[in-house]
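Participant: build me a structure from this.
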Amino acid sequence: MIDEVLPDGHRWYRICEAGWADPLDDTFAQVRGGRWNPPASWRTLYANEDLVTARLNLDRFIADWPYEPEDLDEDAGPHLAVATLPRYQTVGDLHTPPGVAAVGLPPTYPNDAVGGLVPHDTCQPIGERVHAAGRRGLRCRSAQAPHGAGRELAWFPATSRSRAHLDDRMTFTEWFWS
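Facilitator: Residues are numbered from 1 along each chain as shown. From the prediction side, this is the model:
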């Protein structure tokens, strides 16, 4: 695994429902699991590195909804939580070619050799190794971006007191169409 220190003060973006009281709740993924953590594991906050990646992830977020982004209005559309993390966060690099190779993923990650997405059951053991090594998460290529162009973060808080700081919360029309 190749380590990387996240830039202090970087603004991370998390899509959330308008009604969520805590859009930075990291216990949901702890219970259900995600790409980089298995169900019933540890607290994990999944976030997007930039607005472009957040917009690409919206399709997955609203996949079961009966309408498309252009049908959403400010009241119904998902909000975007803007957050910063505690300083000095060392994470695993899963976005550069050397970082992807170091954990045994194909160079085409997030796609496998035949063009399908690398499945969660392949990624979760990597997340377990990164977590066991004491890293605060993974900065990785987005599975929602064409050819993994976008960047995402799976952040593993160090303690129960470690929290992402909510800097802003943007309505749908503020973030999606800007």
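Participant: for the rest of this, base every contact and every neighbour count on C-alpha atoms.
Facilitator: OK.
Participant: which SSE is the spatially closest residue to residue 162 that is not a sequence neighbour in?
Facilitator: Take residue 162 and drop its neighbours on the chain: the residue closest to it by Cα to Cα, 6 or more residues apart in numbering is residue 86, 7.5 Å away. When elements are assigned from DSSP states H and E, residue 86 belongs to no helix and no strand.
Participant: double-check that residue 31 belongs to a strand.
Facilitator: No - per DSSP: H, G, I helix; E, B strand; the rest coil, residue 31 lies outside any strand segment and is helix.
Participant: list the buried ones in the biggest helix by length in the chain?
Facilitator: Counting by DSSP state H, the longest helix found in the chain is helix 120-132. By neighbour count on 16 or more other Cα atoms under 10 Å, the buried set for helix 120-132 is 123, 124, 126, 127, 128, 130, 131.
Participant: possible to save these as CSV with pLDDT and distance to residue 161?
Facilitator: Converted to CSV, those look like this (pLDDT from 0 to 100; distance: Cα to Cα, whole Å):
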residue, pLDDT, distance to residue 161
123, 97, 27
124, 98, 24
126, 98, 25
127, 97, 21
128, 98, 21
130, 97, 20
131, 98, 17
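Participant: same list (the residues you listed) but as TSV, adding distance to residue 53.
Facilitator: Formatted as TSV, those follow (distance: Cα to Cα, whole Å):
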residue	distance to residue 53
123	20
124	21
126	22
127	21
128	24
130	23
131	24
